[in-house]
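**Student:** sequence plus predicted model, see below.
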Amino acid sequence: MPCRDWWSGPSAPSPDRGRDRGRDGGYVTAETAVVVPALVLLLGMLLWGLGAVGVQTRCGDAARAAARAAARGEEEADVIRVARAAAPGGAEVRVARDGDLYRVSVEARTLGPGPLAVPVSGEAVAHVEPG
């Protein structure tokens, strides 16, 4: 009696295997037509979100640098120049003094067409240094 392993099945291919190959080819095309644009849209949204976070971070950094310059007693034109050097292009800078505090806000728009160009801002406050 020949030794036969318990896991080995029939060695001859089933006659129906060849017929099943062409049946799901259309599904793969339809799924790809739906999935690829969705993945491209998701990638675009992620890249836009990263860009928006980058613009907001630059606004905050610019506001902090300008607030430190104002606290050191620099002229307002120099404070605005410091803020614009660190801020994204086209940013709006506002400097206000409130008693012993300088408040600096920097506002810019994110990159993108139409409704994707949303305003983001950064704000910083610094105490006047004794001098």
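**Tutor:** Structure's in. What do you need? Numbers count the residues shown, from 1 in each chain.
**Student:** for R58, give me its contacts.
**Tutor:** The neighbours of R58, taking CB atoms under 8 Å, 6 or more residues apart in numbering as the test, are 86-88, 108, 122. The C-beta positions use only the backbone N, C-alpha and C, and glycine is treated the same way.
**Student:** mind redoing it with 6 Å?
**Tutor:** Taking CB atoms under 6 Å, 6 or more residues apart in numbering, we find R58 in contact with P88.
**Student:** could you do A71 as well?
**Tutor:** Contacts of A71 by CB under 6 Å, 6+ apart are 102, 126, 128-129.
**Student:** all strands of this structure, in order?
**Tutor:** Assigned by DSSP state E, the strands in the chain fall at 92-98, 101-109, 119-127.
**Student:** most tightly surrounded among those?
**Tutor:** Most buried of these, by mean neighbour count (mean count of other CB atoms under 10 Å): strand 101-109, with a mean of 21.
**Student:** roughly how far does the one residue sitting closest to the centre of the chain sit from A30?
**Tutor:** The residue lying closest to the centre of the chain (CA atoms, centre = their mean) is L50, at 1.2 Å. Relative to A30, L50 is positioned 32 Å away (CB to CB, to the nearest Å).
**Student:** remind me which residues of the protein are low pLDDT?
**Tutor:** Applying pLDDT under 70 to the chain flags residues 1-25.
**Student:** for this structure, which helix is longest?
**Tutor:** helix 25-71 (DSSP state H).
**Student:** so that one versus strand 92-98, what angle?
**Tutor:** Orientation check (axes from the mean of the first three to the mean of the last three CA atoms, to 10 degrees): helix 25-71 against strand 92-98 gives 40 degrees.
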